[in-house]
Structure formats: C-alpha cells, structure tokens
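K.L.:
generate a structure from the sequence data that follows.
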Amino acid sequence: GSAFLIDGNGYLVTNAHVLKGSSAVVANNKGQEFKTVIAYVDNAKDLAILKITDKDFNQLKSLPYDMKSSDASLGDDIFTLSYRYPRNDITYNKGYLSALSGFDGDTSTIQIALLANPGNSGGPVFNRNGDIIGILSTREANVQGVSFAIKAREVYQRLDDWRQADSTAIDRVDVSRPENLKGIQRV
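P.N.:
Below you'll find the model as predicted:
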C-alpha cells in the first residue's frame, strides 16, 4: 500500500486495509526505510494513522501540500502519486472526479475516473492545485477505470476522534499548510 505524511513530525495516513499487526515499515522516495507504529485505526472508515519512530527520520519543517476538507467539484481534474505493486517505484496517475459520492451513494467517499492498481491504496488524491482532496481506497472490480477515494474531511474527522480518545495525540499533528504547490508545473 501507499501512505503520505500529514505532518512533518512523521505522522502518515493510509488505509486500514493495507495494515497488519501493530507496526509497519515505510519507505520514502529515496528508498530509505523507516519503522512506524500504528497510532490510530478506524477500520469502519478504512483509515489509519502511522507514526515514524525510526531514529534516522529527520523531521520536516513543512510539507509541500495541503489537505482540503472542502468538497471538490464534479469533473475536476485529479492526479495521484502512489506505489504500484509489484514495482517499487512511485507512479503518477491522472483522472477526474466522476461522482460526488462513492459506491452505493457513500457520502464519505468520492468516485474518480482513474485506473487504480494493487499498491495504490492509501495514496493521496490531489486536485489541480496540488491540494490533497482524498485518499485512494478501492476500485470497482467489475468496471475498468472506476475508483473511490475517502474524502479529506474524513481524515480531519478521524483526527478529531483520535483527540477525543487521546488528548495529547492530535496536538502533535498539523495537516494545515500553505499552498506550496499551487501554480507549479505538475512535472
């Protein structure tokens, strides 16, 4: 599966269905591997938050993207960056927002016209400005090019749920960042 940072301190978000056990190993785009612990899981919403615990991880001052909790518009261009199994490379994929709800009218997800592959789960779904609007989660097995993403606002809700369960956890996570990617060429 894929995951992405939501905070420079080493917190990542991914899908719960890609995890097993109480920890995971994540790799960055340079192939460096880092140990993590699973900090929070919501199996019903298929979301999980990991925390990098590896001493070799250097915290980041800022992230180059923001996560937008507001809804996107039908027809918006979107793109993803994620891993594709069995390759160990980051892959780029482009599509568009094809429905404002997900499978069977699920309002916590959106439907996107995008070919998803094994390993793409948990990857960010970006709008044209480079803002994360969702997390790639599933695909329609019987139809080619129909995929679903969990809306970014669901991540915010899970972070609020986590705060209620552990009052110190959320204080260390800051998903709001300036729009550093806006206006930059996609390549």
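K.L.:
run the chain-centre distance for stretch 10-21.
P.N.:
Taking Cα atoms, centre = their mean, to the nearest Å, one finds stretch 10-21 lying 10 Å from the centre of the chain it belongs to.
K.L.:
now do stretch 53-65
P.N.:
On Cα atoms, centre = their mean, the centre of stretch 53-65 falls 16 Å from the chain's centre.
K.L.:
next one: stretch 29-44
P.N.:
Counting by Cα atoms, centre = their mean, stretch 29-44 comes out at 12 Å from the chain centroid.
K.L.:
name the residues of it that come out as buried.
P.N.:
34-36, 38-41 (16 or more other Cβ atoms under 10 Å). All C-beta atoms are positioned from the backbone trio N, CA, C, and that covers glycine.
K.L.:
tell me the mean pLDDT for it?
P.N.:
For stretch 29-44, the mean pLDDT works out to 89.
K.L.:
out of the buried residues of stretch 29-44, which are inside strands?
P.N.:
34-36, 38-41 (DSSP state E).
K.L.:
where along this structure do the strands fall?
P.N.:
Using DSSP E, strands in the chain cover 4-7, 11-14, 23-27, 33-42, 47-52, 77-83, 90-99, 109-113, 124-127, 132-139, 146-151.
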